[in-house]
Each structure stands twice: as structure tokens, then as C-alpha cells.
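S.K.: Only the shape, not the letters, is given here:
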């Protein structure tokens, strides 16, 4: 197999292979052997880098495909995008680092990657574009699209805040949007990959909570987010605690569990570099006071 000598040539090859797979009668499901024959995915590694054909583009090559095994949570994947975790294997550290760099190379060169998920004996294929990565949290954001999407917009805190949006969605769609990988990814970046109220930094344990919830029309603006561990998220949604928008301190119900029982340790957020937009905090705190009977 000869190497492809330019990003343009590599893009044409990937587009041609994707079109060929899309014409398959069982699309988007294909046999693993069909991916292997076309050099789309091989082996057991999560990231497949065809070094023989892509190393001439840049070192150590360019990722052709990534395998999503389903080991992480449901909010890592939906119909629009995926949060893909950097590999953590027992192989040589350099192998993992090379695979991560190969995915970054796909982002830099504007090349799509084949996102592979397992469906019984078959594999499901989607065309994805790496639009952002976060080395601290060790995650990529990959968006599904037929054409290259724009890079992930860098948030500007002084931009107008859209606290609610109209959603003409079914219940199932609302639940899916509530687990949006892009919303979670932006929350991870905004809060440096740590739970706001406990400091936990294990990404697999963290959720992106809507301050103004989806069922109330809450937007997917990152300033409507809090990054919380799963237990703190559940307690927040149950209005067992809230952030006072004036003092920026954590408050709990007088008759409810106190902060030590909920394992909340960061109780004064006045020194935090990033917080939700004040409008979102005010909306949530008003509902908290109503629930707590303190209005």
C-alpha cells in the first residue's frame, strides 16, 4: 500500500471509502472484515493509525479511525457528537502518546476520522471531525457531519447570555439533549475538569448539569452549566443545595441534609475563576428558596 503524500490526497481517499461504505446494503452496519479489507480499522486498539500510508503526512501518522467501546457513560455519545477519551493502556507510554498525537494530526490537517461502534458481530460507522481536544482532561470532542464543521467556538464570557431556548422536542429527544457530549465537553473545559463543589477530577465520575434545566427551556450555553460529580448533580437537581448568587456560597435546606452529609467541601465559590452566568444562578436560587419554603 503506497503512502498518500498530501492532506488533499488523504481526504479524497477517506471520502471515497466513506462513500463506498455508505453504499453498503446494511449501512451503517458493516462487518469488521470489510473495514479490515479497506484499511479503515484493524486490530484491537482504540485508535487505528495506518502508519504505512499516513506517516508521510506528519509524524507519527494520522488517525484513520477510533473505536468507541461503550465503556464510558451515555453522555459521551449521541447522534451529533462524541467525547472520546485519550487511551490509558498498559502498553508503552509512547504508544498511547503517538495515538493521541495522530488524532490531533487529523484535527490539524482537517481530515475526518471513522468513528466505529460495536453492534453485535457488526460495526457501525460514522464520519467524525475532531473539533477540539483538552490535554488536562484527556478528551477529544468529535462531531459527526458530512462536511467539516467549524472549530469549537471559544466562549466569550461577556457575550449576551441566552438563558432559555425554545425546544420543540419529544421527551426522548429532550433526554438526549440533556446528555449532550458537546455541552459536557464545554463544561469540562470551563471548570478545568473538576467538580465545582467537591474538587473530584475523575472525568468518568463527572456530569454536566444544566443550572436552568432543559425541561424549563434551559439553554446549552456553557454558562448555564456546572460540572458536578454524579451524587452532587443528583442533589443539585433535587434542590438540596444551591449557590447563592449574591454571596456565591453554598446553601442547603434547613430541614434537609447538610453539606457534610452530601460530601460537599467547596462551600465558598467567591474566588472561583469560572461560575455560571448570574441570571442562571438567580433563576435556580429562586426555585431553591421556593422548595426550601424560604420565600
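M.R.: Great, that's in hand. Since we're looking at a predicted model, the values are computed, not measured. Numbering: from 1, shown residues only.
S.K.: ok now do residue 262, which residues does it touch?
M.R.: Shown here is residue 262, whose contacts under the criterion C-beta atoms under 8 Å, 6 or more residues apart in numbering are 231-232, 235, 240-241, 252. Where C-beta positions appear, they are placed from N, C-alpha and C, glycine not excepted.
S.K.: out of these, who has the most neighbours?
M.R.: Of all these, the highest neighbour tally under other C-beta atoms under 10 Å goes to residue 232, namely 24 neighbours.
S.K.: Now do the SS call for that residue.
M.R.: Following DSSP: H, G, I helix; E, B strand; the rest coil, residue 232 is assigned to helix.
S.K.: got a pLDDT number for it?
M.R.: As predicted, residue 232 sits at a pLDDT of 97.
S.K.: Can you give me the distance of it to residue 242?
M.R.: Distance, residue 232 to residue 242, using C-beta to C-beta, to the nearest Å: 12 Å.
S.K.: go on, residue 137?
M.R.: Separation of residue 137 from residue 242 (C-beta to C-beta) stands at 26 Å.
S.K.: what does residue 276 give?
M.R.: Residue 276 sits 11 Å away from residue 242, going by C-beta to C-beta.
S.K.: Among those two, which residue is more densely surrounded?
M.R.: Applying other C-beta under 10 Å to residue 276 and residue 242 shows that residue 276 carries more neighbours, namely 28 against 22.
S.K.: Now do the closest residue to the more buried one other than its chain neighbours: how many residues are near it, please.
M.R.: Closest residue to residue 276 apart from its sequence neighbours, by C-beta to C-beta, 6 or more residues apart in numbering: residue 211 at 4.7 Å. Neighbours of residue 211 under the rule other C-beta under 10 Å: 25.
S.K.: now do residue 273
M.R.: For residue 273, the tally of surrounding residues (other C-beta under 10 Å) stands at 7.
S.K.: so where is the stretch 101-250 of the chain shaky, pLDDT-wise?
M.R.: 154-158, 163-179 (pLDDT under 70).
S.K.: cutoff 80 now
M.R.: For the stretch 101-250 of the chain, the stretches with pLDDT under 80 are 119-121, 153-179.
S.K.: hey, where'd the strands end up in it?
M.R.: All strands of the stretch 101-250 of the chain, identified by DSSP state E, counting those that start in this stretch, fall at 113-119, 122-134, 139-144, 206-210, 225-229, 241-243, 250-252.
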